[in-house]
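Student: Using only what follows, build the 3D model:
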Amino acid sequence: MSGFKSFLERKNIIVSGKRYGVDALGAMAQGLFASLLIGTIISTIGEQAGLPWLVEVGGFAKSMAGPAMAASIALALGAPALVLFSMLAVGAAANKLGGAGGPLAVYFITIFATEFGKAVSKETKIDILVTPLVTIGIGVGLAYWWAPGIGAAASWIGNIIMWATTRQPLLMGIVVSVVVGMALTLPISSAAICAALSLTGLAGGAAVAGCCAQMVGFAVLSFKENRWNGIVSQGIGTSMLQMGNIVKNPRIWIAPTVVSAITGPLATCVFHLEMNGPAIASGMGTCGLVGPIGVYTGWMSEIAAGTRIAVTGMDWTGLILIAVVLPAVLTPILGHFLRKAGWIKPGDLSLD
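Tutor: Just a heads-up that it's a prediction; the model follows:
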């Protein structure tokens, strides 16, 4: 047994929740961002500007979503070069065979294939043949075996959430907004979760609301401590920066979370805010303004498909209020009462 543990240590194979549930999931979101999401944004700019070549560039980026996710995950798991390069084929297979739930299939299959590849890496004199053969063989084999089922399960769960949100927009608006918003602030990837579940439509709109409430909320709530640097780093970067402070004093999380429980149902019941752009954008919030941009690309796609006539003033009002104004106004108001009660003390929100 000690020999096996030594082998795992030598191969940098660490079976842990952090490595698989935090590092790998976060890396997967980066891979999605660098392919599907940025490709969608580039294509939308090209369509609006009447530049077909830019639309084509965006298409190239979007087509690489599977390989980009797999390579990102493998890198996070410490894969050596031959394993990392082999994951491009594995990611392409898993994403295609997984269908709408392709991102989740890529996630699970890449982890297995990467760890097997690492196990055989540099163990033979013909490593240049053995490592890619084992990595691609196991990865693509698992893709044929697992990906359709994983993809179907992910799609089913996502469809249930989206169906429930259309039937119970008030309750589900609260639940989706709070849960996805909290996931964004936790050291896991809300973007990867939304992508894996293909969370779009009204449920995607609630997810956008929750993420924006956390990011804009924390940015404004901590303005006394962090000033304009905090506005940029949290409001356009990530509210995950507050995770260390949340561990020290969980009550600083109350105000942004309560606001997400308010803006979520407003998004679903009042403004009927839908995310019909890429699902990953549902879990990005105001990070790089990806959430609002995703909503906009969804509008453009609907207009192109003939399911929407135009973007109305109400659409813009709802998006601006949900994404920026309400979190920026309501969070400090709630924070004021929490400070008065002594639940938030000076320095509790400092990022220094």
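
Student: Return the distance of Val176 relative to Leu197.
Tutor: 11 Å (Cβ to Cβ, to the nearest Å). Every C-beta, even on glycine, is put in place using the N, C-alpha and C of the backbone.

Student: hang on, I meant Ala70
Tutor: Counting by Cβ to Cβ - Ala70 and Leu197 are separated by 19 Å.

Student: Also Ser260?
Tutor: Distance from Ser260 to Leu197, by Cβ to Cβ: 18 Å.

Student: Also Asn229?
Tutor: Applying Cβ to Cβ to Asn229 and Leu197 gives a distance of 34 Å.

Student: neighbour count winner among the two?
Tutor: Set Asn229 next to Leu197 and count neighbours by other Cβ atoms under 10 Å: Leu197 wins out with 29 against 10.

Student: The more buried one reaches Trp156, doesn't it?
Tutor: No: counting by Cβ atoms under 8 Å, Leu197 sits too far from Trp156 to count as a contact (9.5 Å).

Student: returning to that earlier point: quickly list what's touching both of Val176 and Leu197.
Tutor: Common neighbours of Val176 and Leu197, using Cβ atoms under 8 Å, 6 or more residues apart in numbering, are Ile161.

Student: Let's test this: mean pLDDT of stretch 235-248, rounded?
Tutor: Across stretch 235-248, the average pLDDT comes to 88.

Student: Distance from stretch 197-213 to the middle of the chain?
Tutor: Once both centres are worked out by Cα atoms, centre = their mean, to the nearest Å, stretch 197-213 turns out to sit 11 Å from its chain's centre.

Student: still on that earlier bit, any residues in contact with both of Leu197 and Trp156?
Tutor: With Cβ under 8 Å, 6+ apart, Leu197 and Trp156 have no common neighbours.

Student: and Lys122, what element?
Tutor: Under the criterion of DSSP states H and E, Lys122 resides outside all helices and strands.

Student: Let me see the contact set for the nearest residue to Ile73 once chain neighbours are set aside.
Tutor: Spatial nearest neighbour of Ile73, excluding adjacent residues (Cβ to Cβ, 6 or more residues apart in numbering): Thr110 at 4.4 Å. Contacts for Thr110 (Cβ under 8 Å, 6+ apart) come out as Ala24, Met69, Ala70, Ile73, Ala74, Met87, Val90, Gly91, Ala94, Gly139.

Student: from those, which ones fall inside helices?
Tutor: Ala24, Met69, Ala70, Ile73, Ala74, Met87, Val90, Gly91, Ala94, Gly139 (DSSP state H).

Student: is it true that Asn249 touches Asp348?
Tutor: Yes: between Asn249 and Asp348 there is a contact under Cβ under 8 Å: 5.0 Å.

Student: between these two, who's got more neighbours?
Tutor: Neighbours were counted for Asn249 and for Asp348 using other Cβ under 10 Å; Asp348 has more, 19 against 14.

Student: Checking my notes, the more buried one in a helix, right?
Tutor: No: if the criterion is DSSP: H, G, I helix; E, B strand; the rest coil, then Asp348 is coil and not within a helix.

Student: Tell me if I'm right that it and Ile246 touch.
Tutor: No: between Asp348 and Ile246 there is no contact, the gap being 9.6 Å when judged by Cβ under 8 Å.

Student: overlap in contacts of those two?
Tutor: The contact lists of Asp348 and Ile246 share Ile252, where a contact means Cβ under 8 Å, 6+ apart.

Student: tell me the secondary structure for the residue in the chain sticking out farthest from the centre?
Tutor: Distance from the centre of the chain peaks at Lys125, with 40.5 Å (Cα atoms, centre = their mean). With three-state DSSP as the basis, Lys125 sits in coil.

Student: Now do it, the pLDDT please.
Tutor: Predicted confidence (pLDDT) for Lys125: 92.

Student: try Met1
Tutor: Note on Met1: pLDDT of 62.

Student: same check, this time on Pro52
Tutor: 93.

Student: For Gly46, see how far away it is.
Tutor: Plainly put, Pro52 is 7 Å away from Gly46 if you go by Cβ to Cβ.

Student: More neighbours: these two, which one.
Tutor: Each of Pro52 and Gly46 has its neighbours counted (other Cβ under 10 Å); Gly46 has more, 18 against 10.

Student: I'd like the distance between that one and Val311.
Tutor: Distance of Gly46 to Val311, computed by Cβ to Cβ: 18 Å.

Student: so which helix or strand takes in Trp53?
Tutor: Here Trp53 is assigned to helix 52-63, by DSSP H and E.

Student: Please apply the same query to Ala113.
Tutor: With DSSP H and E as criterion, Ala113 is part of helix 102-120.

Student: sorry, back to before: just the buried ones from the contacts of Thr110?
Tutor: Neighbour-count burial (16 or more other Cβ atoms under 10 Å) applied to those gives Ala24, Met69, Ala70, Ile73, Ala74, Met87, Val90, Gly91, Ala94, Gly139.

Student: pLDDT value on the first one, please?
Tutor: So that's Ala24. Looking at Ala24, its pLDDT reads 91.

Student: for it, what are its contacts?
Tutor: Neighbours of Ala24 in contact, by Cβ under 8 Å, 6+ apart: Ile73, Ala76, Leu77, Tyr107, Thr110, Ile111.

Student: Those residues into CSV, with extra columns for distance to Gly205 and pLDDT?
Tutor: Shown next, in CSV, are the contacts of Ala24 (distance: Cβ to Cβ, whole Å; pLDDT from 0 to 100):
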residue, distance to Gly205, pLDDT
Ile73, 28, 96
Ala76, 30, 95
Leu77, 34, 96
Tyr107, 24, 94
Thr110, 30, 97
Ile111, 31, 97
